[in-house]
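[1] With the input below, show me the fold.
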Amino acid sequence: MGPQKKVDMTTSKTGFKNEIGVFGGVSIIGGIMIGSGIFYLGSYVLERTQMSLGLSLLCWIIGGIVSLLGGLCFAELGSSCPKSGGLVVYLDEAYHPIVGYMFGFTSWLLSGAGSIAAVAIAMPTAFRGYMPLSDMTIKIIAIALIVGLTAYNSLGIKQGTILQNAAMIAKLIPIIAIIIGALLFGKQSPDLSLIPAGGADVSFSKIISMISFAVVATLWAYEGWTNLNSLAEEMKDPARNLPKALLIGIGAVTVLYTLFYFAIYKVVPYGQIVRMIKSGNLYIGTEAAKSIFGNIGGSLVLVTMLIAMFSSLNGMIISFPRNYYAMAKEGHFFKSYGKLHPKYNVPTTSLVGQAIIASILVLLRDLDQLTSLVVFTGMIFNLLGVIAVIVYRKKFPNLERPYKAWGYPVTVIISIALFAGLMINNLMEDPVTALIGLIVPAAGAVVYLIFDRKLKSENNVNREV
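    Sure thing, here's the model as predicted:
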């Protein structure tokens, strides 16, 4: 693929409506990133740092920096190639269409639809502590949520963004209220020294290993920032607004997470935190809310969690279908997925197809095991996306880059090292599941070759005619 084709790809005149501004972009990123995990993931971080409050906060900051470094790379890719499909397009251009296709196919069949299914199931499950709900009832509610939000987002990107903005504000209000309340009324003086609890004699290398393991847990909370690039064609002035939204969104979420856990440590006594985690009660965020607001604090957290999950679900339903649209436009997927609704200018078939697969996954058992298979694969594609910044610089030297990754090439190399290290850690922790997860993208490669043969046959027939 020559540079001229790449320049052509930067023109965003394909029928999409440019309705997403900077705040809308930040809402989509924050909506997907800030889920119910903010209330319990901190317990895993504390466990992995041997209950060190100082090290745990450091890990939240490092997790944000890792995500921000990745965001710098995706900001450059998105501003120079503002096309619907995001990572699918970047991998196509940097390496080969089969690489982008493998990522998109994995998302279509399992990881994207599976994430939607998991969040849709988690929402009604949160009510089990308040009312008896059978497994089938939960599945029915989950499918209704998927179908309802899919139908709503089929009415246009503007409507979807309005809902996302409203949900973002609604869930931030109680989280910020908890932070402010804790900082004002918290009576604890947390020990923020960067050593394991009890002053244990631990080597520097052991502490580094602990931090690395704990940062992986924080990255689950930061997951989702890559999805805005899939909506680049629907942003207003994407060359300027996409990088702004990425950096503001990731930066703001990093500050929010760090402040939230510092606020918890100001309110909940250290001994109580330790006892809760050891007894299996991971929701230390809920305990902080109860300490500040009394019994109403528990209800406040429940409402916040529901809004957060709803926002995350809506954000995923909006962004993922644009990847499948890009696959179809490239010529190696169902043609109907590459068509926009004549009135609402959204990839309707892609949205509906996603809803069907997600609903099927809701009905399957062991959903958590199913989606965990693609964790390692997702890390591979994110790593390839970061490396693509260097490949683009070499392959398309004359490409206009409205935004360039700050500190290139040092920051990009650091990003590559960090993502590669996390991927290797995941492979070592659970090699069987990681390798099994490669089956899905491998199947995607086979499907690509089938479509490729069909496309070449059609092109030969057209030339003969």
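
[2] just checking, what's the longest helix in the protein?
    helix 296-330 (DSSP state H).

[3] Please compute how far stretch 183-203 lies from its chain's middle.
    31 Å (Cα atoms, centre = their mean, to the nearest Å).

[4] which outside residues touch that stretch?
    Applying Cβ atoms under 8 Å, 6 or more residues apart in numbering, the contact partners of stretch 183-203 are 49-55, 57-58, 207, 210, 259, 262-263, 265-270, 274, 292. Yep, even glycine has a C-beta here, placed from its N, CA and C like the rest.

[5] one step back: could you list the buried residues of the longest helix of the chain?
    297-298, 300-302, 304-330 (16 or more other Cβ atoms under 10 Å).

[6] same check, this time on stretch 195-214
    195-197, 207, 210-214.

[7] Measure how buried the closest residue to G298 other than its chain neighbours is and give me the count.
    Counting by Cβ to Cβ, 6 or more residues apart in numbering, K290 is the residue found nearest to G298 once chain neighbours are left out, at 5.5 Å. As a burial measure, K290 scores 19 neighbours (other Cβ atoms under 10 Å).

[8] cool, N398 as well?
    9.

[9] show me where pLDDT drops low in this structure?
    1-14, 129, 197-201, 365-375, 426, 429, 461-465 (pLDDT under 70).

[10] Spatially central, which residue of it would that be?
    The centroid of the chain falls nearest to G224 when counting by Cα atoms, centre = their mean (1.4 Å).

[11] What distance do you get for the residue nearest to that one when sequence neighbours are not counted to S115?
    Leaving aside its sequence neighbours, G224 sits nearest to I32 (Cβ to Cβ, 6+ apart; 3.3 Å). According to Cβ to Cβ, to the nearest Å, I32 and S115 sit 9 Å apart.

[12] Now for those two: what residues contact both?
    With Cβ under 8 Å, 6+ apart, I32 and S115 have common neighbours M316.

[13] More neighbours: these two, which one.
    Neighbour totals were compared for I32 and S115, and I32 leads with 26 against 23 (other Cβ under 10 Å).

[14] Name the residues that touch the one helix or strand that one maps to?
    Take DSSP states H and E as the rule and I32 turns out to sit in helix 22-33. Residues from elsewhere that reach helix 22-33 (Cβ under 8 Å, 6+ apart): 20, 161, 164-165, 167-168, 172, 221-225, 227-228, 231, 235, 241-242, 244-246, 248-250, 252-253, 311-312, 314-316, 318-319.

[15] Tell me the first helix or strand C-terminal of it.
    helix 41-48.

[16] Now do that following helix: distance to the chain's middle.
    Distance, centroid of helix 41-48 to centroid of chain: 20 Å (Cα atoms, centre = their mean).

[17] Please name every helix or strand in contact with that helix.
    Packing partners of helix 41-48 (3 or more Cβ pairs under 8 Å, 6 or more residues apart in numbering; DSSP states H and E): helix 53-80, helix 204-222, helix 270-278, helix 284-293.

[18] again, only using 10 Å
    The elements that helix 41-48 packs onto, with contact taken as 3 or more Cβ pairs under 10 Å, 6 or more residues apart in numbering; DSSP states H and E, are helix 53-80, helix 204-222, helix 238-267, helix 270-278, helix 284-293.

[19] Now distance to P124 too, for these, in JSON lines please.
    What follows is those, written out as JSON lines (distance: least, Cβ to Cβ, whole Å):
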{"stretch": "helix 53-80", "distance to P124": "29"}
{"stretch": "helix 204-222", "distance to P124": "22"}
{"stretch": "helix 238-267", "distance to P124": "25"}
{"stretch": "helix 270-278", "distance to P124": "25"}
{"stretch": "helix 284-293", "distance to P124": "18"}
